[in-house]
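Asker: just need the structure, nothing else, for what follows:
(2 chains)
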Amino acid sequence: MQKKDILWAADYRYNFDRDLFVNRKTKKAFSLEFVDDKPEEELRRRIGESTADAGWTFYFNSSPSEGAKRELERLLG
Amino acid sequence: MPERTRKDRLREEYFDLLPDIRRVVWNLEAKIRYYTRDVLKRLERYEQLVIKSRIKDCESAVEAFLRRQEGRAFDPENPDENSMRDLPDLAGVRVLVFPKNRLVEVDTALRTHFSGWKSDPVPDDIGTPLALKYYGYCNEVSRKVMGEYQVVPMLIGLFWEVEHSAMYKFREVANSKEMRRHRAGVENALSRFESEFETFVENRDQPPSVTP
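Answerer: Numbering: from 1, shown residues only, chains lettered A, B, ... in the order given. Purely as a prediction, here's the structure:
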């Protein structure tokens, strides 16, 4: 199974403008770079992990700044 | 009045630099045509040397910065983190050469005149250079905008023209394992075609080998 199939099966959809895999229900987003660089095992673990925060969780190789996070949260709704 | 975004500032900087970008691309193209004139004169009828120049358009330049950021989001609180001046390819010239054995000749002719420029070859999937790329300043016309030139096997260069513009907006597809494999397959096939063609041309005047 390819990484994008793993994400697709977990209801992540690709956002072409932002190059992100997004699940609006769980409020998680994976950057294309993160998905490319991390092994499948880690991807599955991140998909399955529960997030305490009520807001969005971004899985990026380098953490986005607070300003960039706010911009993405505003766009993703 | 809505607050100006990072993109707005980059667009403004782009248009401030546009006269310099034009000067660099004209200067670079003129130099490259001049320095390759001897190679052009010696070309056989079936050989080609085509020089194309282009100015990166404003939105592509803004996109180039966005593509460097994961999530394609600028930090609004750090507005000065990027400058259009950092882009090496605002003014670009591509030299397309067929067949490949002329490529070394063109590269050598140019390199002596652009000795201070940085080399940044374009690799294939296993790291072998597919095309040669250099960037630097044409100081006599601009110290703000860099120029870039590429020396590319013509068949690969023409394939890229179609492939890059089709894949530009679809990075997920372009970076997928399948598309990378297909792209490598096309590039390998085109390289093999050129190598085979060169072998044929080299051997065409040889007498056929006689087996005793």
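Asker: paired strands for the helix or strand where B:Val95 lies, with orientation please.
Answerer: If you go by DSSP states H and E, B:Val95 is part of strand B:91-98. Neighbouring strands of strand B:91-98 in its sheet, by DSSP bridges, are strand B:48-55 (antiparallel), strand B:146-153 (parallel).
Asker: quick one: distance of the last one to the chain centre.
Answerer: Okay, so that is strand B:146-153. Here strand B:146-153 is found 5 Å from its chain centre; the criterion is CA atoms, centre = their mean, to the nearest Å.
Asker: in chain A, which spans are helices?
Answerer: A:3-9, A:32-37, A:40-48, A:66-76 (DSSP state H).
Asker: wait, which of these is closest to chain B?
Answerer: Nearest to chain B, of all the helices of chain A, is helix A:66-76, at 4.0 Å by CB to the nearest CB. Using the backbone N, CA and C atoms, a C-beta is placed for each residue, glycine as well.
Asker: other residues contacting that closest one?
Answerer: A:15, A:18, A:20, A:22, A:24, A:29, A:55-56, A:58, A:64, B:69, B:71, B:73-78 (CB atoms under 8 Å, 6 or more residues apart in numbering or on different chains).
Asker: kindly export it (C-alpha atoms) in PDB.
Answerer: What follows is helix A:66-76, C-alpha atoms only, in PDB (Å, rounded to 0.1, in the frame of the first residue of the first chain):
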ATOM      1  CA  GLU A  66       2.400  30.500  14.900                       C
ATOM      2  CA  GLY A  67       1.600  33.000  12.200                       C
ATOM      3  CA  ALA A  68       1.600  30.400   9.400                       C
ATOM      4  CA  LYS A  69      -0.400  28.100  11.600                       C
ATOM      5  CA  ARG A  70      -3.100  30.700  12.100                       C
ATOM      6  CA  GLU A  71      -3.200  31.400   8.300                       C
ATOM      7  CA  LEU A  72      -3.600  27.700   7.600                       C
ATOM      8  CA  GLU A  73      -6.300  27.300  10.300                       C
ATOM      9  CA  ARG A  74      -8.200  30.200   8.800                       C
ATOM     10  CA  LEU A  75      -8.100  28.600   5.400                       C
ATOM     11  CA  LEU A  76      -8.900  25.100   6.500                       C
END
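Asker: now mean pLDDT and mean neighbour count too, for the helices of chain A, in TSV please.
Answerer: What follows is those, written out as TSV (pLDDT from 0 to 100; neighbours: other CB atoms under 10 Å in any protein chain shown):
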stretch	mean pLDDT	mean neighbour count
helix A:3-9	90	15
helix A:32-37	90	18
helix A:40-48	93	13
helix A:66-76	86	17
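Asker: which parts of chain B sit against chain A?
Answerer: B:67, B:69-78, B:169-172, B:175-177 (CB under 8 Å from any CB of the partner chain).
Asker: so which of these are in helices?
Answerer: Short answer: these in helices (DSSP H) are B:67, B:171-172, B:177.
Asker: circling back: same list, the helices of chain A, but as a markdown table with distance to B:Val145 please.
Answerer: As requested, the helices of chain A are arranged in a markdown table below (distance: least, CB to CB, whole Å):
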| stretch | distance to B:Val145 |
| --- | --- |
| helix A:3-9 | 38 |
| helix A:32-37 | 28 |
| helix A:40-48 | 41 |
| helix A:66-76 | 28 |
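Asker: middle-most residue in chain B, spatially?
Answerer: Residue closest to the average C-alpha location in chain B (CA atoms, centre = their mean): B:Gln150, at 4.3 Å.
Asker: I'd guessed it sits against B:Gly92; true?
Answerer: Yes: between B:Gln150 and B:Gly92 there is a contact under CB atoms under 8 Å: 7.3 Å.
Asker: restrict the worst-scoring helix or strand of chain B on mean pLDDT to CA atoms and write it as PDB.
Answerer: Taking mean pLDDT, DSSP states H and E as the measure, chain B has helix B:171-174 as its least confident helix or strand, at a mean of 72. Extracted as PDB, the C-alpha positions of helix B:171-174 are listed here (Å, rounded to 0.1, in the frame of the first residue of the first chain):
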ATOM      1  CA  ARG B 171       3.100  18.400  -7.200                       C
ATOM      2  CA  GLU B 172       1.400  15.400  -5.500                       C
ATOM      3  CA  VAL B 173       1.000  13.700  -8.900                       C
ATOM      4  CA  ALA B 174       4.400  15.000 -10.200                       C
END
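Asker: buried sites along it?
Answerer: B:171-172 (16 or more other CB atoms under 10 Å in any protein chain shown).
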